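Asker: Let me see the structure of the following:
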Amino acid sequence: MRQIILFGAGKYGRAALNYFGRENIFCFSDNNKLIEGQRVLDVPVISFERLREIHGDYDIVISTGAEVLFAIAAQLEEAGIHNYRSFLKILEGEGHSEFAPKPEQAAFHEPPDDCRQVLMAAYYFPPLSGSGVFRSIKFAKYLPQFNWWPAVISTDRAPLEMNYMDESLLEEIPAGMNVIRIPDPVYTMRMTSFPTETGTALIDFLKAVLQSDPEASAMAGSLSQTKVGRAKLLTFPCPALLWAYEAIRYIEKHINLSKFQVIYTTSSPYSAHLIGFYLKQKYGIPWVADYRDPWTDVSQKELGFISSNDRLLVRLEEILLKAADCNISVERHFALSYVKRFSISVEKSITITNGYDENDFSGLLEPERHPPKFTITHSGLIHVKPQVTAFAAFLEALHQLIDEQKIDLANIQLRMIGKMTGESRAVLRNYDWGDALVETGYLSHQEALAENYDSNILLLPGGDADSIKFAYTGKFFDYLRSGRPILAVVAKDSVIAQALRENGHGAAFLSTQLLEIKQFILREYQIWQRGGKRELLHSPLIEQFERKSLTGQLAEVFETIAR
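Answerer: Below you'll find the model as predicted:
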């Protein structure tokens with residue numbers, strides 16, 4: 001086996017290094033000039049120019065996300081480098097043939113007589129799972145109670161890094177509701193090259209969206225003149241662009257749009273909003289765009305979700321924001337930032353938070369006593385730098401308490417629910433937790449809620465960077481309703497810290513406040529030692545986050561713009 005050069009030294013590069021083994025990797029290559037000549041995980045990073053000189057002696061593996069995969073492949077091809085593979089494709093399985101699956105035409109059910117209709121484009125929808133699913137399925141579940149009946153455009157399979165399935169969530173879909181699952185062969189790596197005709201149609205579609213902005217139109221026109229530029233456009237603003245295009249083609253062919261009073265699109269992926277834009281422009285149907293989290297602002301740059309100089313992305317965001325009849329965010333500061341950054345009217349930029357569904361808790365039995373071990377539970381991913389820093393602070397505080405013999409490691413259970421990332425594993429390896437560390441892997445939503453109930457502390461390492469202080473995490477609301485004390489490591493003036501101060505369901509600390517974190521843990525540990533049943537926390541203030549109530553707010557938006 002020849003040694004491998006990994007093209008891409010980011011998170012996928014690190015994952016590929018672990019997958020292939022350090023001994024099989026010669027070096028990284030990367031387009032980021034700032035890390036040329038440096039070392040990443042003790043592996044040297046060479047320039048693209050050096051890669052061109054030596055590529056014949058090595059196997060090349062593109063170790064990036066699908067967002068830039070096609071552009072890097074074009075870059076390699078133009079340089080005469082053909083001996084490359086994609087790491088994502090390797091993970092997906094080299095045995096899969098190239099194909100672009102087509103959805104079967106769904107039997108379309110009529111809504112109840114007293115309901116108006118909304119066409120909902122929600123990429124993540126059951127049986128797909130993960131944090132992004134719950135907002136969409138809960139809205140779809142409760143909208144009929146407010147006389148709105150959704151027909152849902154979704155996908156059949158999630159991207160590799162978000163490939164969670166929860167069949168139990170299918171029970172939440174109201175009987176007779178239409179859910180059309182449009183396959184996305186690009187994001188799922190079932191298609192790693194574009195037929196010429198498809199690529200041309202896709203770029204023409206994107207140019208038509210951008211044409212209302214002269215600057216954006218000029219940038220797209222310039223990019224389309226080169227092979228690498230065209231490859232970039234094929235996954236702009238994200239790899240789900242082809243999915244959005246195919247969804248529109250399906251809708252126009254099989255769905256009677258005259259029956260719909262509103263179009264609703266929700267991200268991520270952000271390409272979903274192109275569906276709303278297109279249908280509003282062509283058919284004049286009022287459109288609500290639910291952005292949930294911000295798209296191109298500083299918080300997303302700090303978290304590494306977008307590059308800092310992607311001007312075309314910002315121009316597209318403005319086009320979509322101004323075209324929609326209403327734009328929704330999950331926190332009021334995000335909504336106000338759209339008003340300030342893009343001169344969107346206050347009436348068109350509103351807030352509907354995420355929340356919890358009271359019905360999810362109705363079947364759960366509250367434990368009669370505390371668990372046999374002092375249990376600290378974390379649900380979800382830890383992967384971006386502020387979260388890792390916050391998690392590390394918590395672990396150090398807990399480790400110090402054990403070292404000081406104030407807490408017995410034999411009495412501890414540190415329960416990690418969900419997929420363990422390389423970043424979280426690296427921090428955990430700094431200490432010997434022995435049998436105290438329990439990794440459950442992915443659990444269904446109901447199973448995760450039951451684990452929350454059976455805990456002494458719910459851990460929320462959100463990160464205390466100022467740029468993300470207005471970000472709620474999805475699990476926060478389920479944590480609130482679970483009624484167990486929440487230990488949050490977030491900014492002092494963050495929305496999570498403020499909510500905890502108001503409702504008393506826990507406390508928030510900076511990552512530097514080790515003493516205060518230790519005091520919180522020790523207090524709860526001593527309560528556990530005394531035994532007995534501890535009543536669930538429940539402030540009436542958390543009821544503003546109940547999903548049915550939040551859906552009522554969305555229905556009011558629909559009523560307003562439909563008029």
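
Asker: Count residues in the vicinity of residue 36, would you?
Answerer: The burial metric for residue 36, expressed as a neighbour count using other C-beta atoms under 10 Å, is 18. Bear in mind the C-beta positions are built from the backbone N, C-alpha and C, glycine included.

Asker: Who's the closest spatial neighbour of it, skipping the chain neighbours?
Answerer: The shortest distance from residue 36 to any residue other than its chain neighbours is 4.8 Å, reached at residue 47 (C-beta to C-beta, 6 or more residues apart in numbering).

Asker: Then residue 485?
Answerer: Using C-beta to C-beta, 6+ apart and skipping the chain neighbours, the partner closest in space to residue 485 is residue 506 (4.9 Å).

Asker: Please report phi then psi for the one you found.
Answerer: When read as degrees, to the nearest 10, the backbone of residue 506 gives phi 160, psi -160.

Asker: That one contacts residue 486, doesn't it?
Answerer: Yes. With contacts defined as C-beta atoms under 8 Å, residue 506 counts as touching residue 486 at a distance of 3.0 Å.

Asker: Mutual contacts of those two, please.
Answerer: Any residue near both residue 506 and residue 486 by C-beta atoms under 8 Å, 6 or more residues apart in numbering counts here, and that gives 458, 460, 479, 500.

Asker: distance of residue 74 from residue 234?
Answerer: In this structure, residue 74 lies at 9 Å from residue 234, with C-beta to C-beta, to the nearest Å as the measure.

Asker: follow-up on the earlier one: now the two most distant members of the shared contacts of residue 506 and residue 486.
Answerer: Using C-beta to C-beta, the two most remote members of those are 458 and 500, lying 11.3 Å apart.

Asker: Which one's more surrounded, these two?
Answerer: For residue 458 versus residue 500, neighbours defined as other C-beta under 10 Å are more numerous around residue 458 (26 against 23).

Asker: ranges for the helices of the stretch 51-200 of the chain?
Answerer: The residue ranges that make up the helices of the stretch 51-200 of the chain, judged by DSSP state H, counting those that start in this stretch, are 66-78, 87-92, 131-142, 196-210.

Asker: for the first one, which positions count as buried?
Answerer: Under the neighbour-count criterion of 16 or more other C-beta atoms under 10 Å, helix 66-78 has 66, 67, 68, 69, 70, 71, 72, 73, 74, 75, 76 buried.

Asker: Overlap in contacts, residue 458 and residue 500.
Answerer: Common neighbours of residue 458 and residue 500 are listed as 486, 506 (criterion: C-beta under 8 Å, 6+ apart).

Asker: Now do the SS call for the residue lying closest to residue 35 once chain neighbours are set aside.
Answerer: Sequence neighbours aside, residue 45 is the residue nearest to residue 35 in space, at 5.0 Å (criterion: C-beta to C-beta, 6+ apart). For residue 45, the assignment made with DSSP: H, G, I helix; E, B strand; the rest coil gives strand.

Asker: What count of nearby residues applies to the closest residue to residue 182 other than its chain neighbours?
Answerer: What sits nearest to residue 182 in space, not counting adjacent residues and going by C-beta to C-beta, 6+ apart, is residue 247, at 4.7 Å. Burial of residue 247, expressed as a neighbour count using other C-beta under 10 Å, amounts to 25.

Asker: Contacts only, for the closest residue to residue 355 other than its chain neighbours.
Answerer: In space, not counting the residues next to it along the chain, residue 355 is nearest to residue 545; the distance is 3.7 Å by C-beta to C-beta, 6+ apart. Taking C-beta under 8 Å, 6+ apart as the contact definition, residue 545 lies against 353, 354, 355, 356, 477, 480, 481.

Asker: between those residues, which is nearest residue 539?
Answerer: When the contacts of residue 545 are compared for distance to residue 539 (C-beta to C-beta), residue 480 wins out at 8.4 Å.

Asker: Quick check: buried residues in the helix or strand encompassing the closest one?
Answerer: With the criterion set as DSSP states H and E, the secondary-structure element containing residue 480 is helix 475-482. Buried positions in helix 475-482, judged by neighbour count with 16+ other C-beta under 10 Å: 475, 476, 477, 478, 479, 480, 481, 482.

Asker: Same check on stretch 432-446?
Answerer: Neighbour-count burial for stretch 432-446, with 16+ other C-beta under 10 Å as criterion, is recorded at 433, 436, 443, 445.

Asker: May I see the buried residues of the strand or helix carrying residue 500?
Answerer: With secondary structure defined by DSSP H and E, residue 500 is part of helix 495-503. For helix 495-503, a neighbour-count test (16+ other C-beta under 10 Å) marks 495, 496, 497, 499, 500, 503 as buried.

Asker: which phi and psi does the residue nearest to the second one when sequence neighbours are not counted have?
Answerer: Here the nearest residue to residue 496 in space, its sequence neighbours aside, is residue 490; by C-beta to C-beta, 6+ apart that works out to 4.8 Å. When quoted as degrees, to the nearest 10, the phi and psi of residue 490 stand at phi -150, psi 170.

Asker: residues contacting residue 490?
Answerer: Contact partners of residue 490, counting by C-beta under 8 Å, 6+ apart, are 390, 460, 462, 463, 464, 469, 496, 497, 508, 509.

Asker: Could you do residue 88 as well?
Answerer: When contacts are counted by C-beta under 8 Å, 6+ apart, residue 88 is found next to 12, 65, 66, 69, 160, 189.

Asker: What of residue 248?
Answerer: Listed by C-beta under 8 Å, 6+ apart, the contact partners of residue 248 are 274, 275, 278, 279.

Asker: how much distance is there from the helix or strand hosting it to the middle of the chain?
Answerer: Assigned by DSSP H and E, residue 248 belongs to helix 241-254. When C-alpha coordinates are averaged (C-alpha atoms, centre = their mean, to the nearest Å), helix 241-254 and its chain have centres 23 Å apart.

Asker: One more: stretch 500-519?
Answerer: For stretch 500-519, the distance from its own C-alpha centre to the chain's C-alpha centre is 26 Å (C-alpha atoms, centre = their mean).

Asker: ok, residue 57 - how many residues close by?
Answerer: Close neighbours of residue 57, defined as other C-beta under 10 Å, add up to 11.

Asker: Just the pLDDT at it, thanks.
Answerer: We note a pLDDT of 90 for residue 57 in this prediction.

Asker: Quick check: closest non-adjacent residue to it.
Answerer: On the basis of C-beta to C-beta, 6+ apart, the spatially nearest residue to residue 57 that is not a chain neighbour turns out to be residue 2, at 7.4 Å.

Asker: what about the nearest residue to residue 74 once chain neighbours are set aside, which SS state?
Answerer: With sequence-adjacent residues excluded and distances taken as C-beta to C-beta, 6+ apart, residue 74 is closest to residue 231, at 3.9 Å. Using three-state DSSP, the three-state assignment for residue 231 comes out as helix.

Asker: how many neighbours does residue 231 have?
Answerer: Neighbouring residues of residue 231 were enumerated by other C-beta under 10 Å; the total is 24.

Asker: now swap in residue 217 and tell me
Answerer: Neighbour count of residue 217, defined by other C-beta under 10 Å: 16.

Asker: ditto for residue 528
Answerer: As a burial measure, the neighbour count of residue 528 was computed by other C-beta under 10 Å and equals 20.

Asker: now swap in residue 348 and tell me
Answerer: Around residue 348 there are 18 other residues, counting by other C-beta under 10 Å.

Asker: can you pull the contacts of the residue nearest the centre of the chain?
Answerer: The central residue of the chain, meaning the one whose C-alpha is nearest the mean C-alpha position (C-alpha atoms, centre = their mean), is residue 132 at 5.9 Å. Taking C-beta under 8 Å, 6+ apart as the contact definition, residue 132 lies against 124, 162, 268, 292, 474.
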